[in-house]
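> Fold the following, please.
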Amino acid sequence: MLTRYMRKRLVLFLVEELVTEVVIVFFVVSYMLSINNSWRVRRCVAYAQPYGMLSRIPDQVLHMSRLFLDSDVDCISNLRMDRNSFERLCFLMRELGRLVDRRSDQTVSNYIHIVLRAILSLHTLFLVKATPVTDDSTDSRWKWFKGCLGALDGTYIDLHVPSCDKPHFRTRKGRISTNVLGACDRNLIFVYVLPGWEGSAADCRVLRNTVLRPNGLKVPKGIYFVKMHNI
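Below is the predicted model of the structure:
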């Protein structure tokens, strides 16, 4: 038989268990009601204020300003050019590329295509047609290279690629890069640029592809480019 003390302890234990269950049920019901109410509030807000990109423009402008307005170091780190070069590029794209400041709810993909079309429209300004060195040239640097159009060389640009593609883009020095070939005239103005090759590709392979592709670098017979070498 249970003593009086044991019966008292059993009753206290049952009361504590009952209170615990009631508290748990209370919190569960409160949580469900709060979720239901918040969902209703979000639905009302969604109907009252539709989501759009326009509301995010001030934050995007502030973020873009932080990329290049703070210092040249931050601008070069984020945009690969200093603030002066970036402002000049923006000016050229507005004046010659007909790019205008606008606010709309278009997707990022649409804006990328708009900016790319503006950049491509500047190809006549950034890419020139090279002329060979003439026999009567007086340029002390180039008069020894009769018929030369300029110089070309490849350079490695670091980039991020998926892990499965890293072996193809790893250079002989272990960097994950793309091999970019560039050709310029005697005034160091670009004539042709071919990006996209893996870092593991040899320069001769990239050069052969540059010459053989339909829209590649065309070099008439009798004239040439010189290959630059690091000294």
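> use CA for all of it now, contacts and neighbours both
OK.
> Buried ones in the longest strand seen in the chain, by neighbour count?
In the chain, ranked by residue count with DSSP state E as the criterion, the top strand is strand 148-158. When burial is assessed from 16 or more other Cα atoms under 10 Å, strand 148-158 yields the following buried residues: C148, L149, G150, A151, L152, D153, G154, Y156.
> Over to the closest residue in space to the fifth one that isn't next to it in sequence. Which of the three states is it?
On the basis of Cα to Cα, 6 or more residues apart in numbering, the spatially nearest residue to L152 that is not a chain neighbour turns out to be A183, at 4.1 Å. In three-state terms, and counting by DSSP: H, G, I helix; E, B strand; the rest coil, A183 is strand.
> Pick out the least confidently modelled helix or strand of the chain, by mean pLDDT.
Averaged element by element with mean pLDDT, DSSP states H and E, the chain has its least confident helix or strand at helix 4-48 (a mean of 47).
> before we move on, back to that, which elements pack onto the longest strand of the chain?
For strand 148-158, the packing partners by 3 or more Cα pairs under 8 Å, 6 or more residues apart in numbering; DSSP states H and E come out as strand 177-184, strand 224-227.
> Pairing partners for that strand, with directions?
Strands that pair with strand 148-158, judged by DSSP bridges, come out as strand 177-184 (antiparallel), strand 224-227 (parallel).
> and among these, the most buried is which?
strand 177-184 (a mean of 21; mean count of other Cα atoms under 10 Å).
> Distance-wise, check the closest residue to V193 other than its chain neighbours relative to D139.
Using Cα to Cα, 6+ apart and skipping the chain neighbours, the partner closest in space to V193 is G182 (4.4 Å). Distance of G182 to D139, given as Cα to Cα, to the nearest Å: 23 Å.
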